[in-house]
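Trainee: Based on what follows, work out the 3D shape:
(2 chains)
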2 protein chains.
Amino acid sequence: MKPLIYSLFEKMDIKTTDNEIAGEIASDLLEIAAIKLNLAKPYSWSSGWKSPVYCDNRLSLSYPRIRDKIKSHLAVSIRKLFPSVEIIAGVATAGIPQGALVADALSLPFIYVRSKPKGHGMENMIEGYLEEGKKVVVIEDLISTGGSSLKAIEALRQNKAEVLGLMAIFNYGFAVADENFSEAGVQAYSLSNYNEMIKRALSSGYIKDNQVETLKAWRLDPAGWG
Amino acid sequence: MKPLIYSLFEKMDIKTTDNEIAGEIASDLLEIAAIKLNLAKPYSWSSGWKSPVYCDNRLSLSYPRIRDKIKSHLAVSIRKLFPSVEIIAGVATAGIPQGALVADALSLPFIYVRSKPKGHGMENMIEGYLEEGKKVVVIEDLISTGGSSLKAIEALRQNKAEVLGLMAIFNYGFAVADENFSEAGVQAYSLSNYNEMIKRALSSGYIKDNQVETLKAWRLDPAGWG
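Mentor: Presented below is the predicted three-dimensional model:
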């Protein structure tokens, strides 16, 4: 296998496992419209941000070939980057299906972490059996600010898990995510990222040269853009 | 393979796929405390019901051997009972991980259904790509009244899916669930059920003969029990 080539975002802590794979997965996500670009009519995110990009990796679950590819790359990367992993944890809701598939591929126990406790009975934020002190790798769908991932990681640490790191499918590459993960001391990786996606969107003719600057500007200041 | 043997709940529409498998899975769930019985100090369910039983099948996700067994039996039963299935749908949240594993085992597209819309952006109750008119089998963790399953099925039908039926891991065997599925015209099956669980709990010495009547009484009138 090729050595890991780290991200185009050179100063970032959130690393891309392999740039060739990152490009290939970005192409797949664009092909099934899991990633959509619209510069003329930006999307509204739940955070209130306007964005020329909308990403819904959950669509990849409906395409077995792409779902398999993502599963395999996640599993292989975890074995390489976190060989001592004992438990796979999915971040609810979008990280649960791929998390379960990766746990299956690696024959490891699976748990998942809710964004908040269910508020009744014996149910809390962590579902499944988490033995104290176990080494956990967290599976996330998408990294934007990193907020939901870090909330899940905090819940895991409070429950005495040793969190080895996080593997996501896609990372927007915001500086704020980088700061958040770095501050929390979390090793985070993603299979694909915004820059590789732009390269593929450009080479396939989905976007034009003169749109790249706008897309770059959004990544550098997503809160103030538009 | 053996012919399908239908449920001990003879009049029920919710059928158990095979009584031997039902017993084996009940034993597994009891062994890992995914099913707990406590007649002296009943559990409080979120519905307000008091119950001598608490079932958390999500724990089985953390035991690869049991998780695999459940996945295989779900997949084999679906191939047999619904051979024309085109899409596997998981009911959020607990039905998502096994749903994804079953979709993987059958190399079919996967979608999942939320209990309510996320309320922003392009997100609605169904996540993933549901093509109109496709034949869907729904994966559910647990059938109590059938309410959450039927809400998911309603959302699928509103989105023009053809729902072939539902496969659950465990069924309490309440008459109300039977009525609800029958009324909605849904073919529902489960791998394991309350009666087989009681038999196994009895044969392993987890419960005693004189406790069986109480456990039966609860199933017949869960709302009024205790």
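Trainee: and the residue nearest the centre of chain A, which of the three is it?
Mentor: Taking C-alpha atoms, centre = their mean, the centroid of chain A lies closest to residue A:168, which sits 2.6 Å from it. Look at residue A:168: counting by DSSP: H, G, I helix; E, B strand; the rest coil, its state is strand.
Trainee: show me what contacts it?
Mentor: Contact analysis of residue A:168 by C-beta atoms under 8 Å, 6 or more residues apart in numbering or on different chains lists A:14, A:139, A:140, A:141, A:142, A:143, A:149, A:188, A:189, A:190, A:191. To be clear about C-beta, it is placed using only N, CA and C from the backbone, and glycine gets the same treatment.
Trainee: now the residues you listed in JSON lines, with pLDDT?
Mentor: Below are these laid out as JSON lines (pLDDT from 0 to 100):
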{"residue": "A:14", "pLDDT": "76"}
{"residue": "A:139", "pLDDT": "98"}
{"residue": "A:140", "pLDDT": "97"}
{"residue": "A:141", "pLDDT": "96"}
{"residue": "A:142", "pLDDT": "96"}
{"residue": "A:143", "pLDDT": "96"}
{"residue": "A:149", "pLDDT": "96"}
{"residue": "A:188", "pLDDT": "96"}
{"residue": "A:189", "pLDDT": "96"}
{"residue": "A:190", "pLDDT": "96"}
{"residue": "A:191", "pLDDT": "97"}
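Trainee: Buried only: go through the residues you listed for me.
Mentor: Neighbour-count burial (16 or more other C-beta atoms under 10 Å in any protein chain shown) applied to the contacts of residue A:168 gives A:14, A:139, A:140, A:141, A:142, A:143, A:149, A:188, A:189, A:190, A:191.
Trainee: Okay, and which of the contacts of residue A:168 map to strands?
Mentor: A:139, A:140, A:141, A:142, A:143, A:188, A:189, A:190, A:191 (DSSP state E).
Trainee: Which member of the residues you listed is positioned nearest chain B?
Mentor: Nearest to chain B out of the ones in strands among the contacts of residue A:168 is residue A:141 (C-beta to the nearest C-beta; 10.4 Å).
Trainee: Excluding sequence neighbours, find me the nearest residue to that closest one.
Mentor: residue A:94 (3.6 Å; C-beta to C-beta, 6 or more residues apart in numbering or on different chains).
Trainee: show me what contacts that neighbour?
Mentor: A:57, A:58, A:140, A:141, A:142, B:127.
Trainee: Looking at the residues you listed, which is nearest residue A:163?
Mentor: Checking the contacts of residue A:94 against residue A:163 with C-beta to C-beta, the nearest one is residue A:140 at 12.1 Å.
Trainee: If the closest one is in a bridge, with which residues?
Mentor: residue A:168 (DSSP bridges).
Trainee: Tell me where chain A has helices.
Mentor: For chain A, the helices defined by DSSP state H cover A:19-31, A:64-81, A:95-106, A:147-158, A:175-184, A:194-203, A:209-220.
Trainee: winner for burial among the ones you listed?
Mentor: Most buried of the helices of chain A, by mean neighbour count (mean count of other C-beta atoms under 10 Å in any protein chain shown): helix A:95-106, with a mean of 26.
Trainee: Which secondary structure elements does it sit against?
Mentor: helix A:64-81, strand A:87-91, strand A:110-113, strand A:135-143, helix B:64-81, helix B:95-105 (3 or more C-beta pairs under 8 Å, 6 or more residues apart in numbering or on different chains; DSSP states H and E).
Trainee: Make JSON lines from these and add distance to residue A:217 to it.
Mentor: Shown next, in JSON lines, are the helices and strands packed on helix A:95-106 (distance: least, C-beta to C-beta, whole Å):
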{"stretch": "helix A:64-81", "distance to residue A:217": "29"}
{"stretch": "strand A:87-91", "distance to residue A:217": "29"}
{"stretch": "strand A:110-113", "distance to residue A:217": "34"}
{"stretch": "strand A:135-143", "distance to residue A:217": "20"}
{"stretch": "helix B:64-81", "distance to residue A:217": "46"}
{"stretch": "helix B:95-105", "distance to residue A:217": "36"}
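Trainee: Neighbouring strands of the lowest-mean-pLDDT helix or strand in chain A in the sheet, and parallel or not?
Mentor: Lowest on mean pLDDT, DSSP states H and E among the helices and strands of chain A sits strand A:15-16, with a mean of 88. Sheet pairing for strand A:15-16, assigned by DSSP bridges, gives strand A:188-193 (parallel).
Trainee: how far out from the middle of the chain is the partner strand?
Mentor: Mean-position distance between strand A:188-193 and its chain equals 6 Å (C-alpha atoms, centre = their mean, to the nearest Å).
Trainee: What of stretch A:169-176?
Mentor: 8 Å.
Trainee: tell me the mean pLDDT for that stretch?
Mentor: Averaging pLDDT along stretch A:169-176 gives 94.
Trainee: Phi first, then psi, for the residue nearest to residue A:141.
Mentor: phi -70, psi -20 (degrees, to the nearest 10).
Trainee: Kindly state the pLDDT recorded for it?
Mentor: 95.
Trainee: cool, the one 4 residues further on as well?
Mentor: According to the predicted model, the pLDDT of residue A:98 comes to 98.
Trainee: re the thing from before, which one of the helices of chain A lies nearest to residue A:46?
Mentor: helix A:147-158 (11.1 Å).
Trainee: For that closest one, name the packing helices and strands.
Mentor: On a contact count with 3+ C-beta pairs under 8 Å, 6+ apart, helix A:147-158 meets strand A:87-91, strand A:110-113, strand A:135-143, strand A:162-171, helix A:175-184.
Trainee: quick one: it to strand A:87-91, angle?
Mentor: 140 degrees (axes from the mean of the first three to the mean of the last three C-alpha atoms, to 10 degrees).
Trainee: And for helix A:147-158, what's in contact with it?
Mentor: Against helix A:147-158 from outside (C-beta under 8 Å, 6+ apart): A:89, A:91-92, A:113, A:115, A:125-126, A:130, A:136, A:138, A:140, A:143, A:163, A:166, A:168, A:180-181, A:184, A:186, A:188.
Trainee: Now it - C-alpha only, PDB.
Mentor: Extracted in PDB, the C-alpha atoms of helix A:147-158 (Å, rounded to 0.1, in the frame of the first residue of the first chain):
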ATOM      1  CA  GLY A 147     -19.100  20.400  17.300                       C
ATOM      2  CA  SER A 148     -21.200  17.300  17.200                       C
ATOM      3  CA  SER A 149     -18.200  15.000  17.000                       C
ATOM      4  CA  LEU A 150     -16.600  16.600  20.000                       C
ATOM      5  CA  LYS A 151     -19.800  16.400  22.000                       C
ATOM      6  CA  ALA A 152     -19.800  12.600  21.300                       C
ATOM      7  CA  ILE A 153     -16.200  12.300  22.200                       C
ATOM      8  CA  GLU A 154     -16.800  14.200  25.400                       C
ATOM      9  CA  ALA A 155     -19.600  11.800  26.300                       C
ATOM     10  CA  LEU A 156     -17.300   8.800  25.500                       C
ATOM     11  CA  ARG A 157     -14.500  10.200  27.700                       C
ATOM     12  CA  GLN A 158     -16.900  10.900  30.600                       C
END
